[in-house]
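**Student:** missing the sequence, but the structure's below:
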């Protein structure tokens with residue numbers, strides 16, 4: 001054991017060497033220079049240094065002929081994967097089923113058909129940004145000074161599930177009111193995954209199928225009559241606007257609040273006591289607790305025929321007044337409780353209204369091309385120096401109140417307040433509500449479908465579309481990266497999901513492009529990087545003063561570099577309401593928390609569940625009443641499923657990397673490992689690994705000598721072509737149905753049609769022993785060539801008794817260590833680690849793999865046309881580590 005005099009930390013010998021080589025502590029750096037262990041080159045700006053002989057990688061050569069241009073490496077020491085908690089971050093949207101071999105084959109078929117297709121030949125070649133580091137400290141919470149708010153009510157009673165069970169009267173039958181598990185499972189499938197009622201009845205009529213219900217009608221009778229209703233019922237009412245009656249289907253909003261607060265599934269997420277935020281109401285009513293109401297509205301088309309569309313609140317919209325009349329009716333039950341409070345001084349108050357920009361204008365009555373929150377004029381929306389002030393609610397309410405007194409005066413007053421003359425908007429008499437404060441920012445429409453959409457179009461105008469598409473075709477594959485093998489220039493009707501996918505590699509395309517007129521690329525790179533930084537920071541699952549300051553810094557960086565688009569003639573101004581709304585993000589996050597609380601992405605996904613699927617389940621006659629009944633039955637089944645899971649809670653969950661139970665190929669000859677998997681020095685690397693496990697204290701020279709005496713007692717190994725990482729929720733429970741990341745390592749093969757599928761060997765982030773939750777210190781990039789296991793017999797022969805025998809091993813080829821990130825975009829540059837003209841390789845424990853990483857090739861001004869997506873990792877010499885591949889990578893690779 002060695003103790004560093006600079007920082008007083010204790011290390012193993014190799015760990016101490018690695019610490020000195022990577023440290024940024026001035027005291028430790030001085031020790032490094034004084035010790036002479038790692039001599040510096042004559043040019044201090046040159047980061048390359050001689051390879052140290054202590055690294056346990058194998059290159060097939062001797063220890064005397066190191067490449068003088070290679071990076072310094074130290075001996076690999078790893079620890080167990082997974083030192084972060086799932087609740088610290090949100091994983092990406094990708095939800096790949098565990099055994100999705102068919103899906104993988106489709107993607108591979110697509111690659112084999114498109115990768116070598118025709119493309120346009122290449123055209124002839126004619127600011128300091130700080131690295132963002134989130135706080136690693138836990139937040140400090142200021143508790144409410146009085147004990148009244150949020151205090152538990154000490155009354156004896158039963159829990160929600162217990163009372164539900166009492167209503168069912170099925171103490172001995174877990175599946176009640178269904179007679180058996182098969183009855184319950186089929187009913188659950190029919191209502192959540194199944195087809196229409198007619199098809200389901202025909203299925204039950206098949207000879208040999210015997211259930212307690214014989215058709216869909218009998219099943220519906222069980223659900224309607226025997227399953228307790230834990231959600232408020234839909235009501236059908238009529239609203240008259242402009243002498244025309246409209247059908248409105250709604251639920252009582254207060255009953256919805258009670259249902260949410262009584263749902264056991266949400267109990268662990270509810271905080272009843274306020275924390276510092278409700279000073280004004282607390283001054284009037286000590287001990288008051290706010291129940292924040294979040295509203296969202298959107299319009300969707302339920303079918304492609306007959307032009308039928310639906311709001312969540314109204315059957316159809318014909319005028320702004322109809323919209324406000326419907327919401328006024330729906331929110332009417334909030335007025336008295338919001339002002340006077342309900343049990344235990346709880347006040348339901350409308351706090352957030354989540355909608356896209358047209359719906360924000362519809363809600364607030366603000367004119368188009370203006371900000372729905374503040375009074376900044378349209379011609380000054382692009383200026384970062386204009387002071388921002390919320391619209392004057394008192395003046396607007398005074399103008400709106402004139403509608404019953406003088407119509408002309410009402411219109412004139414509304415015009416002076418810069419709003420449209422809306423007849424009695426729904427928010428006019430809501431207690432403690434300020435609609436201009438409540439209008440929230442929208443990541444989906446303002447960022448992905450707004451500024452990101454503009455940014456992509458600006459880049460297309462600044463650069464050759466053919467060259468952009470060429471770069472897209474040559475990106476290496478990765479679990480979190482969608483390969484646009486036909487490019488992105490010809491995409492139409494691009495969705496928010498596709499814009500999200502493009503953002504993950506957009507910066508890598510911009511880095512090396514050549515601008516017209518010999519303009520510097522630095523400002524364009526900084527502007528694009530700033531927008532992407534803002535996008536990812538805005539979606540942080542937890543914020544501190546430091547991260548909010550970084551959000552402001554990213555916006556400032558964009559404004560400092562945005563003139564490049566003016567110089568290129570792409571833009572004449574930046575008076576875009578969606579860009580202007582960037583200045584409201586910090587205030588909104590401080591007011592209402594992180595943006596995932598009010599992102600329309602979550603409510604828009606309900607278009608399918610609550611409208612389109614419901615419509616398809618009807619006979620299209622009096623469809624809306626049928627849709628409401630279908631939703632109620634579906635919710636009953638969902639609630640009952642939660643109850644069943646509560647009764648079957650005795651389960652065992654473990655945290656682990658997910659490997660398939662059986663290998664992909666049971667026996668692969670070692671010659672094939674070398675030739676087909678590219679693991680050139682497999683046997684030698686395995687010998688080094690075995691010696692390192694059996695005798696961990698050996699020096700590099702001793703390790704080399706001992707490895708020469710290792711005899712491999714087998715000629716085949718079992719290989720795995722995929723490593724999967726499962727999602728872990730806030731309670732540490734592994735959800736094996738959701739794959740949040742994966743690593744592919746499979747040789748080339750032919751598909752069912754005889755087409756060749758290129759080999760795929762992904763790159764990963766490997767923990768070298770002292771890697772932390774965030775940052776690249778203690779990590780190194782590597783490419784996985786083969787994942788394999790040893791038989792118990794082989795392990796007993798190779799490893800000494802008492803040593804920890806690994807279950808899954810990986811042969812990897814190393815990239816150079818991380819140095820300082822690049823100046824204008826903050827990405828790390830790496831290259832292949834070469835020794836004697838061969839890739840430096842090692843065998844590691846699979847548990848040392850932290851995650852996959854995506855490497856963006858350094859394309860330069862023109863992407864070489866001989867490169868392909870499957871060969872670019874071998875053809876390109878330098879890469880940028882993509883920290884924008886997903887949100888977890890953005891939090892990790894900093």
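**Tutor:** Yes, it's here. Bear in mind that the values here come from a model prediction, so they are computed numbers and not experimental data.
**Student:** Next up, the contacts around the closest residue to residue 715 other than its chain neighbours.
**Tutor:** Residue nearest to residue 715 in three dimensions, not counting chain neighbours: residue 670, with 5.5 Å by CB to CB, 6 or more residues apart in numbering. No exception for glycine: its C-beta is placed from N, CA and C like everyone else's. If you count contacts by CB atoms under 8 Å, 6 or more residues apart in numbering, residue 670 has them with 682, 683, 712, 715, 716, 717.
**Student:** which one of the residues you listed is nearest residue 835?
**Tutor:** Closest approach between the contacts of residue 670 and residue 835, by CB to CB: residue 682, at 16.5 Å.
**Student:** How about the closest one: what's its closest non-neighbour residue?
**Tutor:** Residue 682's closest residue in space is residue 673 (CB to CB, 6+ apart), at 5.0 Å.
**Student:** So that neighbour, which state does it fall into?
**Tutor:** Following DSSP: H, G, I helix; E, B strand; the rest coil, residue 673 is assigned to helix.
**Student:** what about it, how many neighbours?
**Tutor:** 23 (other CB atoms under 10 Å).
**Student:** Please tell me the pLDDT value assigned to it.
**Tutor:** We have a pLDDT of 95 for residue 673.
**Student:** Show me where the chain dips below the pLDDT cut-off.
**Tutor:** Residues of the chain meeting the criterion pLDDT under 70: 1-2, 6, 9-159, 169-172, 194, 267-288, 302-319, 343-345, 646-656, 728-735.
**Student:** top strand in this structure by residue count?
**Tutor:** The longest strand of the chain (DSSP state E) is strand 734-746.
**Student:** Show the backbone phi and psi for residue 427.
**Tutor:** Backbone torsions for residue 427, taken as degrees, to the nearest 10, come to phi -90, psi 0.
**Student:** just checking, it touches residue 350?
**Tutor:** Yes - look at residue 427 against residue 350 with CB atoms under 8 Å: they come within range, at 7.1 Å.
**Student:** Overlap of the contact sets of these two?
**Tutor:** With contacts defined as CB under 8 Å, 6+ apart, the residues shared by residue 427 and residue 350 are 433, 438.
**Student:** Hmm, residue 538 and residue 447 touching each other?
**Tutor:** Yes - using CB under 8 Å, residue 447 is in contact with residue 538, at 6.9 Å.
**Student:** okay, the two: which has more neighbours?
**Tutor:** residue 447 (27 against 24).
**Student:** re earlier: among the contacts of residue 670, which ones are in strands?
**Tutor:** Residues of those located in strands (DSSP E): 716, 717.
**Student:** Out of the contacts of residue 670, which comes closest to residue 843?
**Tutor:** Closest to residue 843 out of the contacts of residue 670 is residue 682 (7.9 Å), distances taken as CB to CB.
**Student:** Touching, the closest one and residue 811? I think so.
**Tutor:** Yes - at 5.8 Å, residue 682 counts as touching residue 811 under the criterion of CB under 8 Å.
**Student:** Find the residues that touch each one of the two.
**Tutor:** Jointly contacting residue 682 and residue 811 under the rule CB under 8 Å, 6+ apart are 673, 786, 843.
**Student:** need the residues you listed in CSV with distance to residue 544, can you?
**Tutor:** Formatted as CSV, these follow (distance: CB to CB, whole Å):
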residue, distance to residue 544
673, 48
786, 42
843, 40
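**Student:** For the helix ranked longest in the chain, buried residues please.
**Tutor:** If you go by DSSP state H, the chain has its longest helix at helix 623-647. Residues 623-624, 626-640, 643-644, 646 are the ones in helix 623-647 that count as buried (16 or more other CB atoms under 10 Å).
**Student:** cool, and stretch 485-501?
**Tutor:** 485, 487, 488, 494, 496, 499, 500, 501.
**Student:** doesn't the first one fall inside a strand?
**Tutor:** Pointing back at residue 485 there. No - read with three-state DSSP, residue 485 is coil and lies in no strand.
**Student:** How much space separates it from residue 467?
**Tutor:** Remark: distance between residue 485 and residue 467 (CB to CB, to the nearest Å) = 16 Å.
**Student:** how many other residues sit next to residue 229?
**Tutor:** 14.
**Student:** In this structure residue 551 contacts residue 537, no?
**Tutor:** Yes - under the criterion of CB under 8 Å, residue 551 makes contact with residue 537 at 4.9 Å.
**Student:** ok, so what distance separates the closest residue in space to residue 236 that isn't next to it in sequence from residue 669?
**Tutor:** Using CB to CB, 6+ apart and skipping the chain neighbours, the partner closest in space to residue 236 is residue 249 (5.6 Å). For residue 249, the distance to residue 669 equals 67 Å [CB to CB].
**Student:** what about those two, which has more around it?
**Tutor:** residue 249 (18 against 12).
**Student:** what secondary structure does that one sit in?
**Tutor:** At residue 249, secondary structure determined by three-state DSSP is strand.
**Student:** Correct me if wrong: it contacts residue 234.
**Tutor:** Yes - judged on CB under 8 Å, residue 249 makes contact with residue 234 at a distance of 5.3 Å.
**Student:** what residues do the two have in common as contacts?
**Tutor:** Jointly contacting residue 249 and residue 234 under the rule CB under 8 Å, 6+ apart are residue 628.
**Student:** And for stretch 245-254, what's in contact with it?
**Tutor:** If you take CB under 8 Å, 6+ apart as the criterion, stretch 245-254 is touched by 231-240, 293, 313-316, 318, 322, 326, 329-331, 333-334, 337, 342, 348, 624-625, 627-628.
**Student:** export the buried residues of stretch 485-501 to a markdown table and tack on distance to residue 748?
**Tutor:** Written out in a markdown table, the entries for the buried residues of stretch 485-501 read as follows (distance: CB to CB, whole Å):
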| residue | distance to residue 748 |
| --- | --- |
| 485 | 17 |
| 487 | 24 |
| 488 | 27 |
| 494 | 32 |
| 496 | 35 |
| 499 | 33 |
| 500 | 30 |
| 501 | 26 |
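**Student:** Return the member of the residues you listed nearest to residue 888.
**Tutor:** For the buried residues of stretch 485-501, the nearest to residue 888 is residue 500 (14.0 Å; CB to CB).
**Student:** With adjacent residues omitted, what lies nearest to that closest one?
**Tutor:** Closest residue to residue 500 apart from its sequence neighbours, by CB to CB, 6+ apart: residue 448 at 5.7 Å.
**Student:** Show the contacting residues for residue 441.
**Tutor:** In this structure, residue 441 makes contact with 581, 584, 585, 588, 595, 598, judged by CB under 8 Å, 6+ apart.
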